[in-house]
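> I would like the atomic coordinates for the input below:
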Amino acid sequence: MKIFVIGAHGQIGKKIVSKLVAQGDQVYAGIRQPEQAEAFEDAGAQPVQFNLMAQPEDLALAFNGMDAIVFAAGSGGQTGYDMTLMIDLDGAVKSMQAAEIAGVKRYVIISAEFTPDRSRWPRALQPYYVAKYYADEWLKTRTQLDYTILQPGTLVNDAGTGKVTVNPDVGGEITRDDVATFTVQTLHTPATVGKTIALINGDTSISKAVQQA
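Here you go, the predicted model:
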C-alpha cells in the first residue's frame, strides 16, 4: 500500500513509519521541517513537506495516488490551545477534506480515550478534548471516508507489549509502540472500517484484538 503519514515526525508517527516500511508498504512521511527529511530517507520512507496550516486543496496534492492516510499529528503539550484548535481540530478536518478531494478513501486517525464522553474529560485538558471530539465527529458524519478512529489511553514510552484490551470499561495506559503496531495492522484490516476503537494495554495479542474490535 501507498500510505501517507501525517505527523510522521511525532513520537507515534515515527514508529508508524518504521513499522510500515518494515512490512513493505510505500510510506510517505509528512514533515514540517526540511532538516527532518534525511532521517526518513535513511529509514526507507519518502519525506514530503507538509503543512497543516495550508488549504485542503493544497494538502490534497500530497495525497494523489495514495491508498491510505494516517493522521498522527498533534500540536503537542508545549503549545497553546490556539494551536490545538488549528492542528488537532482544523488541521485534522482539512486533511479529511483533502483526502476526499484526492480520492483517497482509507483514513485512520489517532484520537484519545474518553473522547465520546464529555463527563470523563480531564478538566485540565478540556480544550484538547473538544478538538478531538469534533474532529472525530466530522470524520464520522461529514465525510464518506473509510475511516477508523483509534482512541488510545494514556500514552507511555515503555517497550511495546504486543497486547491490548479494546473498548475497555476503564481507562489505562498504552505504550506508543503498541499504538503504532495497532495502527499499522488496522490499515491492513478492512473489518475495522467504520469503527471507533478504544485501546489500552491488556492481555489480547494485537493481531487478534484488531480482528475482534
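
> Give me the distance between the residue nearest to residue 34 when sequence neighbours are not counted and residue 31.
In this structure, residue 34 finds its nearest non-sequential neighbour in residue 49, 6.9 Å apart by CB to CB, 6 or more residues apart in numbering. Every C-beta, even on glycine, is put in place using the N, C-alpha and C of the backbone. Applying CB to CB, to the nearest Å, the value for residue 49 to residue 31 is 6 Å.

> give me the element residue 149 is part of.
strand 146-152 (DSSP states H and E).

> ok, that strand: who's next to it in the sheet?
strand 106-110 (parallel), strand 195-201 (parallel) (DSSP bridges).

> Identify the residues contacting the residue lying closest to residue 156 once chain neighbours are set aside.
Closest residue to residue 156 apart from its sequence neighbours, by CB to CB, 6+ apart: residue 173 at 5.0 Å. The contact partners of residue 173, taken as CB atoms under 8 Å, 6 or more residues apart in numbering, are 153, 154, 155, 156, 200, 201.

> Equivalent analysis for residue 17, please.
Applying CB under 8 Å, 6+ apart, the residues contacting residue 17 are 5, 8, 27, 29, 40, 43, 45.

> Just the ones of those residues in helices?
residue 40 (DSSP state H).

> Out of the contacts of residue 17, the closest to residue 212 would be?
In terms of CB to CB, no member of those lies closer to residue 212 than residue 5, at 25.3 Å.

> buried sites along the helix or strand of the chain with the lowest mean pLDDT?
Every helix and strand in the chain was compared by mean pLDDT, DSSP states H and E; the lowest is helix 81-83, with a mean of 90. By neighbour count on 16 or more other CB atoms under 10 Å, the buried set for helix 81-83 is residue 83.

> who's in contact with that helix?
Contacts of helix 81-83 (CB under 8 Å, 6+ apart): 75, 127, 128.

> The second one contacts residue 88, correct?
No. Applying CB atoms under 8 Å, one finds residue 127 not in contact with residue 88, separated by 9.4 Å.

> hang on, the earlier thing: a markdown table for the strands paired with strand 146-152, including mean pLDDT and distance to residue 163?
As requested, the strands paired with strand 146-152 are exported to a markdown table (pLDDT from 0 to 100; distance: least, CB to CB, whole Å):
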| stretch | mean pLDDT | distance to residue 163 |
| --- | --- | --- |
| strand 106-110 | 99 | 19 |
| strand 195-201 | 98 | 6 |
